[in-house]
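Student: Sequence and predicted structure, then a few things I'm wondering about:
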Amino acid sequence: MWHTRRMTTAPVAYPYTCHRSPAEIISHCVWFYFCFCLIYREVEELMLARGLIMTYEAIRKWCRKFEQPLLISSVPVAHSSTAPYDPSARYSTRSSQHLR
């Protein structure tokens, strides 16, 4: 006889809990900071221009908390080519054509 029992899995922890701002605002601030190499006060000014009042300290805490998932998702993918990249190879054909 088969016994069916529901799987009990732990709920996935939502990382944006216990924050006053919505998740979209937090992730947008963190994205501004890391992708455009801005300082916290510049991100604060960008949000103020959009009508959102927040402190640079809150942005600093968000960037420290959500830094790791953002960096993991932006790891570059290795190229499939096994040959090493030679930057002078693309110029050698052009220079030889100009000499002829």
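Tutor: In hand now; what should we look at?
Student: report the longest helix in the protein, please.
Tutor: helix 23-35 (DSSP state H).
Student: So for that one, what gets flagged as buried?
Tutor: By neighbour count with 16 or more other C-beta atoms under 10 Å, helix 23-35 contains the buried residues 25-30, 32-33. Yep, even glycine has a C-beta here, placed from its N, CA and C like the rest.
Student: just stretch 42-57 next, same as before
Tutor: Under 16+ other C-beta under 10 Å, the buried positions of stretch 42-57 are 43-44, 46-47, 54, 56.
Student: what does that stretch rub up against?
Tutor: Contacts with stretch 42-57, where a contact means C-beta atoms under 8 Å, 6 or more residues apart in numbering, come from 21, 25, 29, 32-33, 38, 40-41, 59.
Student: Output these in CSV; the columns should cover distance to A13 and pLDDT.
Tutor: Putting these into CSV (distance: C-beta to C-beta, whole Å; pLDDT from 0 to 100) gives the following:
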residue, distance to A13, pLDDT
S21, 18, 89
I25, 20, 93
C29, 21, 94
F32, 25, 93
Y33, 23, 93
L38, 28, 92
Y40, 26, 96
R41, 30, 96
I59, 22, 95
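Student: Columns distance to Y14 on top of the residues you listed, output as TSV?
Tutor: Putting the contacts of stretch 42-57 into TSV (distance: C-beta to C-beta, whole Å) gives the following:
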residue	distance to Y14
S21	14
I25	15
C29	18
F32	22
Y33	21
L38	26
Y40	24
R41	28
I59	20
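Student: ok so, going back, CA atoms of the longest helix of the chain as PDB?
Tutor: Taking Å, rounded to 0.1, in the frame of the first residue of the first chain, the C-alpha atoms of helix 23-35 are listed here in PDB:
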ATOM      1  CA  ALA A  23      12.100  45.300  -3.500                       C
ATOM      2  CA  GLU A  24      12.200  47.100  -6.900                       C
ATOM      3  CA  ILE A  25      13.500  50.300  -5.400                       C
ATOM      4  CA  ILE A  26      16.200  48.400  -3.300                       C
ATOM      5  CA  SER A  27      17.400  46.400  -6.300                       C
ATOM      6  CA  HIS A  28      17.400  49.500  -8.500                       C
ATOM      7  CA  CYS A  29      19.600  51.400  -6.000                       C
ATOM      8  CA  VAL A  30      22.000  48.500  -5.700                       C
ATOM      9  CA  TRP A  31      22.100  48.100  -9.500                       C
ATOM     10  CA  PHE A  32      22.900  51.900  -9.800                       C
ATOM     11  CA  TYR A  33      25.700  51.600  -7.300                       C
ATOM     12  CA  PHE A  34      27.500  48.600  -8.800                       C
ATOM     13  CA  CYS A  35      26.900  49.000 -12.500                       C
END
